[in-house]
Each structure stands twice: as structure tokens, then as C-alpha cells.
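In: I would like the atomic coordinates for the input below:
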Amino acid sequence: MKYSARVAQILELVSKLILQRHDRALEPQIVKQVSGDRARSLWARPEVERARRRTEVRREPFSPTTQSHGLRSRSQPKGVLKSVLVTLVLSCGTASSVMAQGPVDAEQTFVSMLTNATLEGTWAPVQQGRLGDEHGGDSYRIARVEKSPEGKWSVFYVFTMRDRTVEFPIPIDVKFAGDAAVMILDNVRAGRGNANWSARVMFHEDVYVGRWWETGNPEHGGTIAGTVVRDGEDGQPEATAATDDSNKLYELRIYTTNDGKLPALHTRFRDHTMRLFEKHGMENIVYWSVAEAARGEAEIAGNQLVYIIAHKNEAVREASWNAFVNDPQWQRVAAESERDGKILAEPPRSILMKATDFSEVIKPNRDSDAAPRLFELRQYNDGPDRVPGTVDRFASGEKNLFTKHGMETVSFWRATDDSAFIYLLAHKDRETARESWQGFFPDFRQFMEEYRSRTRAQATQSGQQRRRGGGSEVRYLVPTDYSPLK
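Out: Numbering: from 1, shown residues only. Presented below is the predicted three-dimensional model:
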């Protein structure tokens, strides 16, 4: 479908939805058709302006300047057009207006959509009723949207000024039409010169489309359209806190399904859950099927999904999960996926983990042409008394023995409650893993003799005694087709 036709259809849909929702909204006959390479103005005629004044709550003009706040688009031409598109996109990051509050679930969905997000899309000028050439490369960072106790909303736009990253709040209005949010930006000063700008932009399920124009001169404006991409999705820069491996909170989760339901669980994660995780600020790390189960789990290995996600911290994790389970999209997906029966046989198991100081940074390789590896996830349930010693032992040289014998060390973690030490290795295949371990153990025994001789005196002086841990869990895992790490 051509760009102009797509914009026309969506704008016409928005106008109809608003007409249904607001009994003092715009008259349908003033919305013109758009087709081919021609784009007719929406909300541009005088009678529309008068209707808008009657039905909308007005704000006082807000006047950030390019010079003082650095609000400048990277991809636009020069002058005012370049400046207004930045402000226009900022308008996409709001929620409800004072007059037209949306449903609570719609507001929550919108807030989640624009948390740590980037708007990526295209723009095109509209002059004398004609749609000009489409230009790509629009990209704008949004940190978050917030609602004040008084019910007013702000979007925090991220930009760089004098080598510093700045979050700049912009006040906006919005009206909800069903599950779509129509953003309203009125008479805002942006960029050089004395012109003010206005815009109307619709958001729906990670897609935005709309129109911007110079206030008082509707013929000087254009259209925009694109998608919302959140941290961790393809092509999206990750936030600083999320890329600092030492600050991440990792979460290991194990799902066990009812017999025959694992394919349905894979489909739900592949088509929906992963995207919703990212929507709510969770980073997808790796997803596996079980090739060889932990001791005592052989009978359910064919019904298990094991995966790791990451959060910025525990507070963000709690907020992310709360937003996820209350997301209407997730509730709809969950209900539809279990139409033929419940998927999970038991509640998921979860362990919160922090990377050790000697752990490597996990780098996704989804697009690599290399063959998927066989992963080995080892969990030593040593408890709080022994986990610190286990971590020290690995840091003192045991970790290097894996590399010496051909095993790839992917990452090392300790549970946040020190109940377990968990680490991840990678092999070419099961036979290669077996050969690597056979070569490992002679060197390991020698290493342990030397390590114990160094630490025995210290343990005796401190009164520490070796205690039996809670056993170990070893799983051999195969990446799923949708896993970011292969």
C-alpha cells in the first residue's frame, strides 16, 4: 500500500472514532478523502477550527527554543520544518487530556509503549493539497511519560546537549478513541523564527501516524508515520543502565507445561510474549528447549521452557511485571492461547541473579550464520554460607580451566539471596562437551589441591567449616528459533 493511501485510511478511521466518542466533535463532512499521491488537509478548514475551540481544553503556549534546549531533528531539512518535526514527535508521547480521559488500561498501555522507546519512521510535506516525497530516517528517543496528580501529562524527550544526555519534559493533550490515542499539540513555539506549530498524531499498537502544520497556516505542514521501538528490539539502542552488565538484574525462569502444550507456549512467546516483555522494559536474553534434563526431571524435559530475561533493578522488575500482567494485550493473548486448555502445569520457577565481577557480557547473536550451540546451565545450590567461597574459587582460576579445555564461558551469576551460584557454558555438541569435561577434571583436581592449601589456614582462623550444599542442577539446552542468543 502506498504511503499516502495508508495515511488516508488511518486518519479517516481516527476521525470516525472521535465522532463516535465525542458528541461535540467534528462534523464528518469536513474530513476529505485522501488517495493516490494527493493528501487533503484534516482539521484544517475554518469550521473545524471553530469546532475544535468549542470542544477542547486549551493550554497556554509553550516555547522551548532550539538554542537553549537542543531540540533539533537529525533527519529533517533545514529551518522551521526541521525544528517542528522534533516537537511534533514529542507530542506523540502523551496520554489523556483534562477533558477526554481514556480508560485506565488504555493509559497504562500507552505509558508502557513510550517507556524507553524510540520513534522511527518517515515524513512527507503537504503543500496545496499534494503529498510530497517521503523521507525516511526519523528517529527520536523518549524516556518516559508521566501523569501528574492533577491529571496533566508530560513526555520526557531525550537529547544530547554539550556532551550531556538531557531529559526534557513537554506538556501535551490527548484524546482516546477506543484503544487508539490521538495526540494534540496546539500552538507550540519550536526552533528559530516566530512560527508556532500544531499537530494531531494517532498511536495504536506500536504504530503512529499523523499530521503537523504551522499554526495559522495549514498549507505549511506535512505528515508523519512510523513505529515505536523499545530498548532491546532490533535496531534499537539500549539504555545505559541496561547495557551495564554489573547493574542488570537477571531472572532465570523455568516453565513446565501440560503434556502436548509446549508448542503452544513457544508460539505464544515467539509471536507475543517477547514483544510484550520489551514493551514493559524487560530485556530478552535467551530462550531454550531442554535437550537433557536436570536430575529427577527427565520425565518432564519435553515439556519445559527455560529462559533468562534482564531488568534494570528490582524496583523496575516489579513495575514491569505488574504492567505486563495488567496489559490488556497480554490478557487477550493469554486467553486466546489457552482456549483449548491450560498451558502451564505448575507456576513458573524463578531465580533472581546478579552477574559476578568476572562474568562476560552476553551479546545476542540472533542474526549470526553460525550453527546454534549446545548450552550447559549449571546451578550449584550451595546456600549463603558456601556461595561466597564458590564464587571466590571460580574467580581464582577455575573459570580459566573451562576455556583451556574448549568450553565457552558465557556468563556467571550468583543468586541475589546467595542461595545458588549459576553459570552458563556453550559447546559445539554433546560429544564435544563430554570430551571437554574429561580433559577438565584432571586439571581441576590439581587446581583444588592448590586452592585448598591457600585457603585452609584462612578458613580455620575464621572458624568457617565446609557444609554440604543443596546439590546441583545441570541442564543441556538448545536455543529456540526465536532466541536472541543462539
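In: alpha carbons only for contacts and neighbour counts from here, please
Out: OK.
In: longest helix anywhere in this structure?
Out: Counting residues, the longest helix found in the chain (DSSP state H) is helix 430-462.
In: Going along the chain, name the strands of the stretch 301-450 of the chain.
Out: 304-311, 349-355, 374-380, 408-415, 421-427 (DSSP state E, counting those that start in this stretch).
In: pLDDT of the last one, averaged?
Out: What it means is strand 421-427. Taken as a whole, strand 421-427 has a mean pLDDT of 97.
In: so what strands line up beside it?
Out: Partners of strand 421-427 in the sheet, by DSSP bridges, are strand 374-380 (antiparallel), strand 408-415 (antiparallel).
In: And for that strand, what's in contact with it?
Out: 373-382, 387, 390-391, 406-415, 433 (C-alpha atoms under 8 Å, 6 or more residues apart in numbering).
In: quick revisit: how about the strands paired with strand 421-427 in TSV, adding distance to V316?
Out: As requested, the strands paired with strand 421-427 are exported to TSV (distance: least, C-alpha to C-alpha, whole Å):
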stretch	distance to V316
strand 374-380	25
strand 408-415	18
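In: So for the longest helix of the chain, what gets flagged as buried?
Out: Buried positions in helix 430-462, judged by neighbour count with 16 or more other C-alpha atoms under 10 Å: R430, A433, S436, F440, F444, F447.
In: from those residues, which is closest to T165?
Out: A433 (45.7 Å; C-alpha to C-alpha).
In: contacting residues around that closest one?
Out: Neighbours of A433 in contact, by C-alpha under 8 Å, 6+ apart: M407, H427.
In: any idea how far M353 is from it?
Out: Look at A433 and M353: by C-alpha to C-alpha, to the nearest Å, they are 25 Å apart.
In: need the next SSE after the longest helix of the chain, C-terminal direction.
Out: strand 472-479 (DSSP states H and E).
In: before we move on, which element is G137 in?
Out: In the assignment (DSSP H and E), G137 maps to strand 135-147.
In: For that strand, buried residues please.
Out: G136, D138, S139, Y140, R141, I142, A143, R144, V145, E146.
In: which ones are touching T122?
Out: E134, H135, G136, G137, D138, I224, A225, G226.
In: mind redoing it with 6 Å?
Out: H135, G136, D138, I224, A225 (C-alpha atoms under 6 Å, 6 or more residues apart in numbering).
In: Helix, strand or coil: sort out the residue lying closest to the second one once chain neighbours are set aside for me.
Out: This means G136. Leaving aside its chain neighbours, G136 sits nearest to T122 (4.3 Å; criterion: C-alpha to C-alpha, 6 or more residues apart in numbering). With DSSP: H, G, I helix; E, B strand; the rest coil as the basis, T122 sits in strand.
In: any idea how far T122 is from V209?
Out: Taken as C-alpha to C-alpha, the span from T122 to V209 is 10 Å.
In: Need the overlap of contacts for those two.
Out: Joint contacts of T122 and V209 (C-alpha under 6 Å, 6+ apart) are I224, A225.
In: so where's the protein uncertain?
Out: Scanning the chain for pLDDT under 70 picks out the ranges 1-104, 160-164, 189-194, 231-246, 367-368, 457-469.
In: What are the boundaries of the helices in it?
Out: Under DSSP H, the chain gives helices at 3-21, 46-55, 66-69, 80-91, 104-113, 240-243, 262-268, 274-279, 314-325, 328-337, 387-393, 399-404, 430-462.
In: and the angle for the longest one with strand 374-380?
Out: Translated: helix 430-462. Relative orientation of helix 430-462 versus strand 374-380 (axes from the mean of the first three to the mean of the last three C-alpha atoms, to 10 degrees): 20 degrees.
In: how big is the angle separating helix 430-462 from strand 472-479?
Out: 150 degrees.
In: Redo the buried residues of strand 135-147 as a markdown table? Include distance to V286.
Out: Formatted as a markdown table, the buried residues of strand 135-147 follow (distance: C-alpha to C-alpha, whole Å):
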| residue | distance to V286 |
| --- | --- |
| G136 | 32 |
| D138 | 30 |
| S139 | 27 |
| Y140 | 28 |
| R141 | 26 |
| I142 | 26 |
| A143 | 25 |
| R144 | 26 |
| V145 | 29 |
| E146 | 31 |
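In: Out of those residues, which two sit at the greatest distance?
Out: Largest separation among the buried residues of strand 135-147 by C-alpha to C-alpha: G136 and E146, giving 28.9 Å.
In: what does stretch 358-375 contact?
Out: Stretch 358-375 is contacted by residues 411-412, 425-429, 476-478, 484-486 when judged by C-alpha under 6 Å, 6+ apart.
In: quick one, which of the strands paired with strand 421-427 is nearest to D173?
Out: Relative to D173, the nearest member of the strands paired with strand 421-427 by C-alpha to C-alpha is strand 408-415, separated by 44.3 Å.
In: Nice, that's everything, thank you.
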